[in-house]
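In: Sequence plus the predicted model coming up.
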Amino acid sequence: MASALINVPRTAKRGIEIKTLMSHIMETGYRHTSEGEAVPRDIITSFACRYNGVEIFRADLFPAIAANPFITFFTVAAESGKFEFEWIGDKGFSETASASITVE
């Protein structure tokens, strides 16, 4: 079962750093079992962050990304509100998380 860790400051004056970590094996699809059968690909293919409903960051992920992908980015928090995070991947994988922020 996947789980997300997010780090968003509770309050901000303006600029903030957001850190996310998704627990996921990220199987590339390039490995083979000892019997020679290909291990099916199972990766997170995209990550998106919305701030008060507006997308502010998006990343497309590929098999070269390590297991448990860590994504960090900066944004400007102009008003208090809610960040929504979404990870989408192979085999129907979908995970969401959210965090609120108060701008002083």
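Out: That came in fine, so what should we check first?

In: what's in contact with stretch 57-68?
Out: The list of residues contacting stretch 57-68 from outside it, by Cβ atoms under 8 Å, 6 or more residues apart in numbering, reads 18, 21-26, 28-30, 41, 43-49, 69, 71, 73, 75. Any C-beta I mention is one placed from the backbone N, CA and C, and that applies to glycine too.

In: what about the closest residue to residue 94 other than its chain neighbours, which helix or strand?
Out: Residue nearest to residue 94 in three dimensions, not counting chain neighbours: residue 88, with 5.5 Å by Cβ to Cβ, 6 or more residues apart in numbering. With elements delineated by DSSP states H and E, residue 88 resides in strand 81-89, which encompasses its position.

In: Report the distance from that strand to the chain centre.
Out: When C-alpha coordinates are averaged (Cα atoms, centre = their mean, to the nearest Å), strand 81-89 and its chain have centres 7 Å apart.

In: List the buried residues in it.
Out: Of the residues in strand 81-89, those buried under the neighbour-count criterion (16 or more other Cβ atoms under 10 Å) are 81, 83, 84, 85, 86, 87, 89.

In: Now for the first one: which residues touch it?
Out: It refers to residue 81. With contacts defined as Cβ under 8 Å, 6+ apart, residue 81 is in contact with 51, 52, 100, 101.

In: Quick check: the third one vs residue 81, distance?
Out: When Cβ to Cβ, to the nearest Å is applied, the distance between residue 100 and residue 81 equals 7 Å.

In: Next: the last one.
Out: Counting by Cβ to Cβ, the separation of residue 101 from residue 81 is 6 Å.

In: ChimeraX command for the buried members of the contacts of residue 81?
Out: Those of these that count as buried under 16+ other Cβ under 10 Å are selected in ChimeraX with:
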select :51,101
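
In: out of the contacts of residue 81, who's nearest residue 93?
Out: residue 51 (23.3 Å; Cβ to Cβ).
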